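> based on what follows, work out the 3D shape:
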Amino acid sequence: MEKTYSYGVIGGGAWGTALACVLARRSSGASDATQTVKLWAREAETVEAINRHHENRPFLANVRLPENIIATSDLTTLADCDIILMVAPAQFARPIIAQLAPLLSRDTSLVLCAKGVERGSLKFMSQMAAEYVPATQIAVLSGPSFAADVARGMPTAVTLACADAGRGHALCQAIGSAGFRPYLSGDIIGAEIGGAIKNVLAIACGIVIGKGLGESARAATTARGFVEMQRLGMAMGAQAETLAGLSGLGDLILTCASLTSRNFSLGHALGEGQKAEDILGQRASVSEGAMSAEAVRLLAETHGLDMPICLAVDNILAGRESVDTAIENLLARPFTAEGTN
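Below is the predicted model:
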């Protein structure tokens, strides 16, 4: 008989809600059909909307949620969960994990689902979380996935990376389903680098389309952006197959090709001439690429890497360059051979 797990999700945005749907559908098919999935959200209106209307109207409107998702604003109620998915944005995750860590047993699995680099420390989520939780309890879930698709049960495949192979295998069985397929990896840093870098590159591709530079330019930006992802990944010990897999190239392709992506749509608006502070100020949800761009630039500098597309995005967001100047500088770079560093 399949083991029954208790699940918690931290983060009541679109992605956290979508992952709660994945877990709730599994739980409703278990022998204990009343099993709930606990979803922690900071916003009182989100908690009320989910519990009263079974819909996350602030962040994932028009998607009916399974009734066994129970929202809460009390983090301590997740203490008895076997598996907790940490979906709060990267820049806000540290204080939540610090508060959560003392509540966890040594058997609890903490699955990190945010895609970003912490500013200041320049740490990926697993590196930061390991300051509070044993590394053997940590896993990373990342891959090409839009929240609305996942919430509606559309077929999705992701990478689940875990240093503990036994725990990773158990997590794949506990989280996966016919419509949500996790592929196991031992390469945590590779999965995280792919997820973080693709967000910055999606802004670049959005600028290309918003500026009207055409599909050929978008394809070139995506491909050359993937080279930058590989450069940082290999410098930090990632495996090439991880970067070329679901959490790297797969997520890059998805995020660089659709206005559904918050990062791509941010870039698209920048390309049309809007200001970054105006765009971000109007949004309720976080564009992780905008929050991580500076950290990615600093990581590139730390490792002595040439990552011109990521640098251009950070310069635009920081106001050091206009969109036009950044494009001119990229197009003026010397010709070189493909495959060289």
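
> quick one: the helices in the stretch 151-300 of the chain?
For the stretch 151-300 of the chain, helices defined by DSSP state H, counting those that start in this stretch occupy the ranges 165-175, 188-210, 215-235, 240-243, 251-255, 262-271, 276-281, 288-302.

> name the surrounding residues that touch the third one.
The one in question is helix 215-235. Helix 215-235 has contacts (C-beta atoms under 8 Å, 6 or more residues apart in numbering) with 189-190, 193-194, 197-198, 201, 204-205, 208-209, 240, 242-243, 248-249, 252-253, 256-257, 296, 299-300, 303, 305-310, 341. Where you see a C-beta, it was placed from the backbone N, CA and C, and this is true even at glycine.

> likewise the fourth one?
Residues from elsewhere that reach helix 240-243 (C-beta under 8 Å, 6+ apart): 159, 161, 185, 187, 190-191, 193-194, 226, 229-230, 233-234, 248-249.

> so which of these is the most crowded?
Each of these was scored for neighbours by other C-beta atoms under 10 Å, and Ala191 scores highest at 35 neighbours.

> so that one makes contact with Cys162?
No: using C-beta atoms under 8 Å as the test, Ala191 is too far from Cys162 to be in contact (9.6 Å).

> where does pLDDT dip in this structure?
Applying pLDDT under 70 to the chain flags residues 1-2, 28-34, 284-286, 340-341.

> got the domain ranges for it?
The chain breaks down into these domains under automatic domain parsing: 7-188, 195-331.

> what about the shortest one, start to end distance?
Okay, so that is domain 195-331. In domain 195-331, first residue to last residue: 26 Å (C-alpha to C-alpha, to the nearest Å).

> now do the contacts for the spatially most central residue of the chain.
Geometric centre of the chain, nearest residue: Lys115, 3.0 Å, by C-alpha atoms, centre = their mean. By C-beta under 8 Å, 6+ apart, Lys115 lies in contact with Ala90, Ser142, Glu192, Gly195, Ala196, Lys198, Asn199, Asp251, Glu288.

> state the distance from it to Gly195.
To Gly195, Lys115 is 3 Å away according to C-beta to C-beta, to the nearest Å.

> intersection of neighbour lists for those two?
Ser142, Asp251.

> reformat the domains of the chain as a markdown table; add distance to Ala337.
Shown next, in a markdown table, are the domains of the chain (distance: least, C-beta to C-beta, whole Å):
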| stretch | distance to Ala337 |
| --- | --- |
| domain 7-188 | 28 |
| domain 195-331 | 12 |
